[in-house]
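A.B. asks: A predicted structure for the sequence below; I have some questions about it.
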Amino acid sequence: MLMKFPNLKLVAVCFTGYDHVDLDECRRRGIAVANVPGYSTEGVAELVFGLIFSLLRHIPRAHSHIRSGSWHWPPGNELRGKRFGLIGTGKIGMRVAEVAKAFNVSKLLGWDNFKNPSFTDNLGGEYVASLASLFLHADVIVVAVALTNETRGLVGKKLLKLLRPDSILINCARGAIIDQESMVEMLAEKRFRAGLDVYELEPLPDNHPIRKVPESNLVSTPHLAYKCEESLLRRHDITLANILAFFADSPQNIVS
């Protein structure tokens, strides 16, 4: 694509993520890349908890239960008192941590190559030494890192094996951060529970095995965490501002 536009100066990405852009080739050609950081932080964080409570309180299944003419339903679980783990403590991770703290989780655990002082100093969070520690000790784990060469496949089969049947894994970041094949296999075996908004292949093919995972162990949505009217308007405005600022020789939100 870049070869077709020899005079290109700017790639204005209308998202926070830019894993679909060849940054190395853009640098080689002197092309700036701008993104829209933080436009959907609130929407993503809110959906994270929508998925968590859907699993803790069996909301989708209870809805179907009522529609079928039934009434009695077994008890669910509170979020209060759970050990809450975060993979990534950037803008979205920090917002998720703030909300989790408001729900009185017993402990905030984090893993990140780049430590955020606010996570420990302001929220009382604790960074663990390894991802394995996070998977061993957290009851709920939220993936909140960008997809890069370093994070692709970051959560592999060995880590997933550390989860328990009552563990909850939430991914509203990018599907490819988790080993999809291993995750689907273990969800089908009811090794843990998951709330997923993102997948390595989107849209999901009709015959994708994740569609057959028992509803007791999976709540899934079609990549809509960012898709709020407010965040989409914000994304539009910031993208336009990025373009205008670049051509006014005052570039902003340039990906380093």
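C.D. replies: That came through fine.

A.B. asks: Quick one: residues in contact with stretch 149-167.
C.D. replies: When contacts are defined by CB atoms under 8 Å, 6 or more residues apart in numbering, stretch 149-167 is touched by residues 77, 87, 113, 131-132, 135-136, 138-141, 143, 145, 169, 176-179, 182-183, 186, 190-193. Backbone N, C-alpha and C define where each C-beta goes, glycine included.

A.B. asks: now do 7 Å
C.D. replies: 131-132, 135-136, 139, 143, 145, 169, 176-179, 182-183, 186, 190-193 (CB atoms under 7 Å, 6 or more residues apart in numbering).

A.B. asks: go on, stretch 102-110?
C.D. replies: Outside stretch 102-110, the residues that reach it (CB under 7 Å, 6+ apart) are 79-86, 89, 97, 100-101, 119, 123-128, 134, 137-138.

A.B. asks: let's go with 6 Å and repeat that
C.D. replies: 79-86, 89, 97, 119, 123, 125-128, 134, 138 (CB atoms under 6 Å, 6 or more residues apart in numbering).

A.B. asks: Endpoints of it, how far apart?
C.D. replies: This stretch, stretch 102-110, spans 17 Å end to end (CA to CA, to the nearest Å).

A.B. asks: hang on, the earlier thing: list only buried entries from the contacts of stretch 102-110.
C.D. replies: Buried residues within the contacts of stretch 102-110, counting neighbours by 16 or more other CB atoms under 10 Å: 79, 82, 84-86, 89, 97, 119, 123, 125, 127-128, 134, 138.

A.B. asks: and V33, what is it in contact with?
C.D. replies: V33 neighbours (CB under 6 Å, 6+ apart): 11, 21, 26, 255.

A.B. asks: Try it again at 7 Å.
C.D. replies: V33 is in contact with 11, 13, 18, 21, 23, 26, 254-255, counting by CB under 7 Å, 6+ apart.

A.B. asks: Equivalent analysis for R234, please.
C.D. replies: Listed by CB under 7 Å, 6+ apart, the contact set of R234 reads Y39.

A.B. asks: you'd agree G125 is up against A100?
C.D. replies: No: look at G125 against A100 with CB atoms under 7 Å: they stay out of range, at 9.5 Å.

A.B. asks: Low-confidence ranges, this protein, go.
C.D. replies: Along the chain, the model assigns pLDDT under 70 to no residue.

A.B. asks: what's the spacing between the longest helix along it and its chain's center?
C.D. replies: Secondary structure assigned by DSSP state H gives helix 229-247 as the longest helix of the chain. From the chain centre to the centre of helix 229-247 is a distance of 22 Å (CA atoms, centre = their mean, to the nearest Å).

A.B. asks: And stretch 238-256, by the same measure?
C.D. replies: With CA atoms, centre = their mean, you get 26 Å for stretch 238-256.

A.B. asks: And it, end to end?
C.D. replies: Note: stretch 238-256 ends 18 Å apart using CA to CA.

A.B. asks: Please apply the same query to stretch 33-44.
C.D. replies: Start-to-end span of stretch 33-44 (CA to CA) is 23 Å.

A.B. asks: for stretch 71-84, same thing?
C.D. replies: End-to-end distance of stretch 71-84: 32 Å, with CA to CA as the criterion.

A.B. asks: picking that back up, out of the buried ones among the contacts of stretch 102-110, the closest to F53 would be?
C.D. replies: Taking CB to CB as the measure, F53 sits nearest to L79 out of the buried ones among the contacts of stretch 102-110, at 7.2 Å.

A.B. asks: Just confirm the closest one is within a strand.
C.D. replies: No: read with DSSP: H, G, I helix; E, B strand; the rest coil, L79 is coil and lies in no strand.

A.B. asks: separation between the nearest residue to A45 once chain neighbours are set aside and C26?
C.D. replies: Closest residue to A45 apart from its sequence neighbours, by CB to CB, 6 or more residues apart in numbering: R95 at 4.3 Å. Separation of R95 from C26 (CB to CB, to the nearest Å): 29 Å.
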